[in-house]
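Trainee: no sequence on this one, just coordinates:
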Ligand SMILES: Cc1cc2nc3c(=O)[nH]c(=O)nc-3n(C[C@H](O)[C@H](O)[C@H](O)COP(=O)(O)OP(=O)(O)OC[C@H]3O[C@@H](n4cnc5c(N)ncnc54)[C@H](O)[C@@H]3O)c2cc1C
């Protein structure tokens, strides 16, 4: 009889691991505290490996590249074509200084990931690819094959797939550190995002998790608006970063990044919202007629060195946490690591 695996955490990482374990033959049960504070609920959904690459982050780039290469198989496994929101990305500079910043990022990528396909594009080529973008760009790069998912559709599709593969969702779903020893299961994975530190107090120092807050907006197209872009548009816009991630009915605009004031710091600040709106509407002027559906904030669970902590803690206990600004992109790679760590199901 197949052995049982319990997952604590039903964000992107927990559900991705639960599905991969079920597919590998484990009987899976998931405990989840719900969407409040779940970073995957508010995320932009970019599958960014190249667009998220920053000089000095070599180890993160290697795990991101591995995970992003696994996304086509996960999308096929989920079987919902609407989970995928975009298939490629444009990096767009707002000024010559911004262009120099993107050139530096591209030079780093060519050095560390020679197989990366980055095509320099002029301002005119950017307008050809996305006619609603500003005329006042300084060009940029096209990243073919680096797309995005609709994060909320993804979470729903993962839950459906886990259930269809025989997995169960326990109620009530919130557990405490004291409950872990008595939860059922031959193997127990803690994948509770920022909540993982509180669940594993004995390892909190070692995990070194901290929270990085980010504001993010959801804009909806109206009957008289220009359509959303087809690409993910990552703007380096007059010294700030702003991205536009297409959705079926609009655009997700993200995201600020600063130290969170504790796990309950979940309300967007006016300044962050104002900066995002200003930059997004300059980058794509037609966004001014979109409706502001949601101004939200979330907290990215960040590890000490920026690389997710995916490891076995003892004979029964594993952890997958600290996925920072790339947790959705890193989901299939983490799931593959966890399945390796679990060993044979029976
Ligand atoms: C503004 C913003 C934009 C982002 N954009 C992107 C992006 O474009 N691309 C990308 O790849 N990443 C993005 N991220 C990062 C991404 O959202 C996270 O890295 C990812 O969600 C981490 O996944 P997770 O499953 O570890 O944690 P979470 O998504 O936070 O999920 C943790 C889950 O654990 C549950 N939980 C917590 N404590 C307990 C408990 N005690 N008992 C039971 N359950 C518990 C919670 O209810 C939650 O469902 C963004 C994040 C933010 C904040």
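Mentor: Looks like it arrived, so ask away. The model shown is predicted, which means the values in this text are computed figures rather than measured ones. Numbering: from 1, shown residues only.

Trainee: for residue 262, what are its contacts?
Mentor: By Cβ atoms under 8 Å, 6 or more residues apart in numbering, the contact set of residue 262 is residue 211. (C-beta placed from N, C-alpha, C; glycine too.)

Trainee: list of residues touching stretch 110-124?
Mentor: Taking contacts as Cβ under 8 Å, 6+ apart, the residues outside stretch 110-124 that touch it are 50, 53, 58, 61, 65, 90, 106, 109, 129, 135-145.

Trainee: residue contacts, residue 42?
Mentor: Residue 42 makes contact with 151, 214, 216, 296-298, according to Cβ under 8 Å, 6+ apart.

Trainee: could I get the pLDDT score of it?
Mentor: We note a pLDDT of 97 for residue 42 in this prediction.

Trainee: skipping adjacent residues, who's closest to it in space?
Mentor: Nearest residue to residue 42 in three dimensions, chain neighbours excluded: residue 298, at 3.6 Å (Cβ to Cβ, 6 or more residues apart in numbering).

Trainee: what number of residues lie near the one you found?
Mentor: As a burial measure, the neighbour count of residue 298 was computed by other Cβ atoms under 10 Å and equals 26.

Trainee: surely it is within a strand?
Mentor: Yes. Using DSSP: H, G, I helix; E, B strand; the rest coil, the secondary structure at residue 298 is a strand.

Trainee: give me the pLDDT for it.
Mentor: Note for residue 298: predicted pLDDT of 97.

Trainee: up against the ligand, what does the stretch 51-200 of the chain have?
Mentor: Neighbours of the ligand within the stretch 51-200 of the chain, by Cβ under 6 Å from any ligand atom: 173-175, 191-193, 195, 199.

Trainee: re earlier: farthest pair in the contacts of residue 42?
Mentor: Using Cβ to Cβ, those reach their maximum pairwise distance at 151 and 297, which is 14.7 Å.

Trainee: now, which of the contacts of residue 42 sits nearest residue 346?
Mentor: residue 151 (33.4 Å).

Trainee: test my guess that the closest one contacts residue 35.
Mentor: No. With contacts defined as Cβ atoms under 8 Å, residue 151 does not count as touching residue 35, sitting 11.2 Å away.

Trainee: okay, those two: which has more neighbours?
Mentor: A count of neighbours by other Cβ under 10 Å puts residue 151 above the other of residue 151 and residue 35, at 26 against 13.

Trainee: tell me the confidence at that one?
Mentor: Residue 151 carries a pLDDT value of 98.

Trainee: repeat for residue 142
Mentor: Confidence per residue is given as pLDDT, and for residue 142 that number is 96.

Trainee: now do the phi/psi pair for it.
Mentor: Main-chain torsions, residue 142, degrees, to the nearest 10: phi -110, psi 130.

Trainee: now do the contacts for residue 58.
Mentor: Residues counted as contacts of residue 58 (Cβ under 8 Å, 6+ apart) are residue 112.

Trainee: for it, phi and psi?
Mentor: Summarising the backbone geometry of residue 58 under the convention degrees, to the nearest 10, its torsions are phi -60, psi -40.

Trainee: what pLDDT does it get?
Mentor: The per-residue confidence score, pLDDT, reads 92 for residue 58.

Trainee: distance of it relative to residue 305?
Mentor: 11 Å (Cβ to Cβ, to the nearest Å).

Trainee: who wins on neighbours among the residues of the stretch 51-200 of the chain next to the ligand?
Mentor: Of all those, residue 191 has the most neighbours under the rule other Cβ under 10 Å, reaching 33 neighbours.

Trainee: hmm, residue 11 and that one touching each other?
Mentor: Yes. Residue 191 is in contact with residue 11 according to Cβ under 8 Å; the separation is 7.2 Å.

Trainee: how about residue 77, nearest residue that isn't a chain neighbour?
Mentor: The spatially closest residue to residue 77, leaving aside those adjacent along the chain, is residue 161, at 6.9 Å (Cβ to Cβ, 6+ apart).

Trainee: same check, this time on residue 88
Mentor: Across the structure, with Cβ to Cβ, 6+ apart as the measure, the residue nearest residue 88 apart from its sequence neighbours is residue 144 (4.9 Å).

Trainee: check residue 121 too.
Mentor: Nearest to residue 121 is residue 142, by Cβ to Cβ, 6+ apart, at 5.2 Å.

Trainee: what number of residues are in the vicinity of the one you found?
Mentor: Other residues near residue 142 come to 19 when the count uses other Cβ under 10 Å.

Trainee: run through the bridge partners of it.
Mentor: With DSSP bridges as the criterion, residue 142 is bridged to residue 90, residue 119.

Trainee: thinking again about what came up before, correct me, but the residue nearest to residue 42 touches residue 212?
Mentor: No. Using Cβ under 8 Å, residue 298 is not in contact with residue 212; the gap is 9.5 Å.
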